[in-house]
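Colleague: have a look at this prediction, sequence included:
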Amino acid sequence: MTTASRVAYCSPLYRALALAAMCVSLTACNGSTSTTATATANTSTYSLGGTISGLTGTGLVLASSGATLSVSAGARTFAFSTKFATAAPYAVTVQDTPAGLTCSVAAGSGTFGAANVTDVVVTCSDQSYALGGTVSGLTAAGLVLANGHDTVQVLAHAAVFVLPAAVRFSSRYSVIVATQPTGLTCIVSNGSGQMPASNVTNVAVTCAITRYTLGGAVIAGTLTASGLVLANGTDRLAVAANASVFSMPTGVAGGALFSVTVAAQPAGLVCIVNDGNGTMPSAAFAGVQVTCTARAWTWEAGSESVQSAAGSYGTRGVAAAGNTPSQRDSEMNWTDQSGRLWLFGGSDQGRSPGDLDDLWMYDPATGLWTWVNGSNTGGDSGSYGTKGVATAGNTPPSRHSGVTWVDSSGHLWLFSGFNDTNLAGSLNDLWTYDIGTNQWTWVGGMAVANDPGSAGTRGVAAAGNLPSSRVGAVAWTDSAGHFWLYGGNIPGGGGLTANDLWMYDPTSALWTWVNGSTAATADVTAAYGTRGVAAAGNTPGSRQGAATWTDNAGHLWLFAGSIYDSSVQSGEFADLWSYDMASNLWTWVGGANSQNAIGMNGSQGIAAAGNTPGGRTEPAVWTDHAGRFWLFGGAGYGPDASAGSGWLSDLWMFDPTTQEWIWVNGPADPSNNAGVYGTEGMPAPTNVPGGRVLPVGWVDADGSFWMFGGYGADANALHFDLNDLWKF
């Protein structure tokens, strides 16, 4: 029902009242009642808010027109608690930012209409910070650090580093070494964590020289006792018995020098280091080898008594168990290409006359001697035949104290010596022996004694050149197959010694006087110069009976010997010399620069810079397969000055790499020591040959040392020529 209908339906009174009320209402609408309604509508308020993203932490405070709002971590929407009226301006800003975040506002300003504002957008994102730290010990280039795919190359000697890419707040980081610098090992400390709301500067990179393992092998079955201590500088390692490998406790820097030596020997053994010196590679090195042997001699054959040392020749050319050369000294010797031991002549003082020209061969594989050539009686005059022509009847005259070589074809060579029978003097004849044909050839030199020779021009090979006759000279063979000769006793009144150095080329058959004085100028005093320094004026001086070796580098070495002349009479040297063929220079390497020097033995079995054998002459000598020098006995001095001079039975080894001597075995002082033979064929630590002079020594194919005869003491300390055969 409409209002008009309702008015028409009412009674007159009711209609009058209703009309009056309507009039009042309409009046209000047009007057004071309308004003009140408008005011109420204009005071309506509205909210301010919006959306938010990336809020991963607490601390965000928004502000607008004096109103503030703290927003909780993780909130996706926000709304100020304060209400705003229509037409009120708003401007939402970030008053406080959460740690590690950056927050920004979009659509944050405007004027309120008659509605809530809900389209303000707040965006938060993680803030990024620098990642770096300190570096120490970086002395070389090549270091690369990485954090994930982010890398930085750090220059040598840098103290700090910063990775190129900043790291977002709260992200995980892990700094590692991607590439090590040359020769160094760098490690990272404090390298991992969660990125804070600040730069990281406490990652620490520490670099040190890279050290690699140094070690090697002990030859199987040789280290049968405890007590071996190896050393590399101050680094020490005790090696257990029966060990097969070893590693030194402290690593060695790449490029650094190392020198593994024996600091203490095991009981009853002598251990030798091979390949113990070198420059450390930038990798582990296990190439050092240690070989231990029983510190023992073995009496292999011959007599332990000079009273029963006449020997037994047997049948010429036939090996037999009963065969053995007769007692002798000053014999000559070779080792052939098959490792068999050869012996020629010498002086048998039990015979009259006593010089010999018999040729013997000993085969270590069978343990048998064979009388091969020459006479079985002393004083044989030999037969020169035709120079340069080999015939069955040729034989060098009997002699003692000549020198020998072996050429590249395996032929045996003999030069000089002393004949006490038909020639009655010192010799300079040169012979070669062909093992295959069993024939001698007189190659050069004179068939008479006491020939003065002809030096020719120094350094020039010529057909007329020839060393003078001599006895007790020393010899070497170089790597090119040339024969070298030094000194000896030469013809002249009162006994004269030489210091001339010669080289013979078996291919051209020519001699060259290389160094030293001519034989016409004898008894030359040694000129030492400065120890360890090669110089043109250096010379070992005149001498005979020295010990000689050739090292693996091709240098010629000379040790000791004696001088005998009308002014000095006698004296034993203890000086050690090296000769460089390329420069034609001598170097005084060590030992006393005076005669009759006492030894400095040190501790048995231990190498030391101060060790040196005493002055001596005519020892037995060897060169082992590693190029080290060994010598036994001779006549001379030990470490006790009060003991004086006598026959020695000490065994020594010299390493040309370290230039140190080791007293290996035997009594230190000369006392004309009796031999301790033990049981024939059985090694024992207590065995030791008697003190002696003028024996000979060989090295067989297995590297064992052999020694025969000489003049010295037998098992009963009786002194005479010997025919005992020993192995070490």
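Modeller: That came through, no problem. Keep in mind it's a predicted model, so treat the numbers as computed, not measured.

Colleague: now do the strands in the stretch 301-450 of the chain.
Modeller: Along the stretch 301-450 of the chain, counting by DSSP state E, counting those that start in this stretch, strands occupy 332-335, 341-347, 355-363, 368-373, 403-406, 412-419, 425-434, 439-444.

Colleague: Serialize those strands to JSON lines and add fields for mean neighbour count, distance to Met581 and mean pLDDT.
Modeller: From N, CA and C alone the C-beta is placed, and that goes for glycine too. Rendered in JSON lines, the data for the strands of the stretch 301-450 of the chain read as follows (neighbours: other CB atoms under 10 Å; distance: least, CB to CB, whole Å; pLDDT from 0 to 100):
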{"stretch": "strand 332-335", "mean neighbour count": "22", "distance to Met581": "22", "mean pLDDT": "97"}
{"stretch": "strand 341-347", "mean neighbour count": "27", "distance to Met581": "26", "mean pLDDT": "97"}
{"stretch": "strand 355-363", "mean neighbour count": "24", "distance to Met581": "31", "mean pLDDT": "97"}
{"stretch": "strand 368-373", "mean neighbour count": "22", "distance to Met581": "33", "mean pLDDT": "98"}
{"stretch": "strand 403-406", "mean neighbour count": "21", "distance to Met581": "15", "mean pLDDT": "98"}
{"stretch": "strand 412-419", "mean neighbour count": "26", "distance to Met581": "19", "mean pLDDT": "97"}
{"stretch": "strand 425-434", "mean neighbour count": "23", "distance to Met581": "21", "mean pLDDT": "97"}
{"stretch": "strand 439-444", "mean neighbour count": "21", "distance to Met581": "22", "mean pLDDT": "98"}
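
Colleague: okay, the ones you listed in TSV with distance to Val61 next?
Modeller: Putting these into TSV (distance: least, CB to CB, whole Å) gives the following:
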stretch	distance to Val61
strand 332-335	100
strand 341-347	104
strand 355-363	105
strand 368-373	109
strand 403-406	102
strand 412-419	107
strand 425-434	110
strand 439-444	113
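
Colleague: which of those strands sits closest to Ser594?
Modeller: For those, distance to Ser594 was read as CB to CB. The smallest value, 26.8 Å, belongs to strand 403-406.

Colleague: name every strand pairing with that closest one and say which way it goes.
Modeller: Using DSSP bridges, strand 403-406 pairs in its sheet with strand 412-419 (antiparallel).

Colleague: can you list the domains in the chain?
Modeller: Following automatic domain parsing, the chain resolves into domains at 3-41, 45-125, 128-209, 212-294.

Colleague: tabulate those domains (TSV), appending distance to Gly436 and mean neighbour count.
Modeller: Formatted as TSV, the domains of the chain follow (distance: least, CB to CB, whole Å; neighbours: other CB atoms under 10 Å):
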stretch	distance to Gly436	mean neighbour count
domain 3-41	139	10
domain 45-125	95	16
domain 128-209	57	17
domain 212-294	34	17
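
Colleague: least reliable of these going by mean pLDDT?
Modeller: The stretch with the lowest mean pLDDT among those is domain 3-41, at a mean of 38.

Colleague: what residues are up against Thr182?
Modeller: Listed by CB atoms under 8 Å, 6 or more residues apart in numbering, the contact partners of Thr182 are Ala140, Ala141, Gly142.
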